[in-house]
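K.L.:
fold the following, please.
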Amino acid sequence: MATSRIKGIPVTLYERTQTGIDAANRPIYTETAITVDNVLIGAPTSEDVTNEFNLSGHRIAYTLGIPKGDTHDWNDVTVEFWGRKFRTVGVPTQGIEANIPLDWNMKVQVEAYE
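P.N.:
Next up is the predicted model:
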């Protein structure tokens, strides 16, 4: 992995596991808190905010940089940092590890959740 002076922060990712089905045949999930270290948090571009709001009605709050080698599922999950909870929006975008010089190769956008 590349070494950089840029450092991310620990982020709590709430992984969902299906534990059953309710009376209406909908899945029941349990969330497990997992700490993911070295996650970058940045402001989304105004274009990203506008596009996502126009397409889905979600208001993007931050863009997260996920460290190389991370294997967690970042689709439609709750994350927590800076004492607030957020929900991931859209599909994470990922680049080829070997072609990216820093320690992060995936981006996911989040909106305020609570």
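K.L.:
scan the chain for its longest strand.
P.N.:
strand 27-42 (DSSP state E).
K.L.:
who are the packing partners of that one?
P.N.:
strand 9-21, strand 60-67, strand 78-81 (3 or more CB pairs under 8 Å, 6 or more residues apart in numbering; DSSP states H and E). Using the backbone N, CA and C atoms, a C-beta is placed for each residue, glycine as well.
K.L.:
next, the angle strand 60-67 makes with that strand.
P.N.:
Strand 27-42 and strand 60-67 are oriented at 90 degrees to each other (axes from the mean of the first three to the mean of the last three CA atoms, to 10 degrees).
K.L.:
and the average pLDDT for the helix or strand that strand 27-42 is followed by is what?
P.N.:
Proceeding N to C from strand 27-42, the next assigned helix or strand is helix 46-56, under DSSP states H and E. Regarding helix 46-56, the rounded mean pLDDT is 79.
K.L.:
what sits up against helix 46-56?
P.N.:
Here helix 46-56 makes contact (CB atoms under 8 Å, 6 or more residues apart in numbering) with 58-60, 63, 89-90, 109.
K.L.:
now, which of those sits nearest Arg5?
P.N.:
Nearest to Arg5 among the contacts of helix 46-56, counting by CB to CB, is Thr63 at 19.9 Å.
K.L.:
columns neighbour count and distance to Gln18 on top of the contacts of helix 46-56, output as a markdown table?
P.N.:
Supplementary listing: these in a markdown table, determined by neighbours: other CB atoms under 10 Å; distance: CB to CB, whole Å:
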| residue | neighbour count | distance to Gln18 |
| --- | --- | --- |
| His58 | 17 | 24 |
| Arg59 | 12 | 28 |
| Ile60 | 23 | 28 |
| Thr63 | 18 | 28 |
| Val89 | 19 | 21 |
| Gly90 | 19 | 22 |
| Gln109 | 23 | 25 |
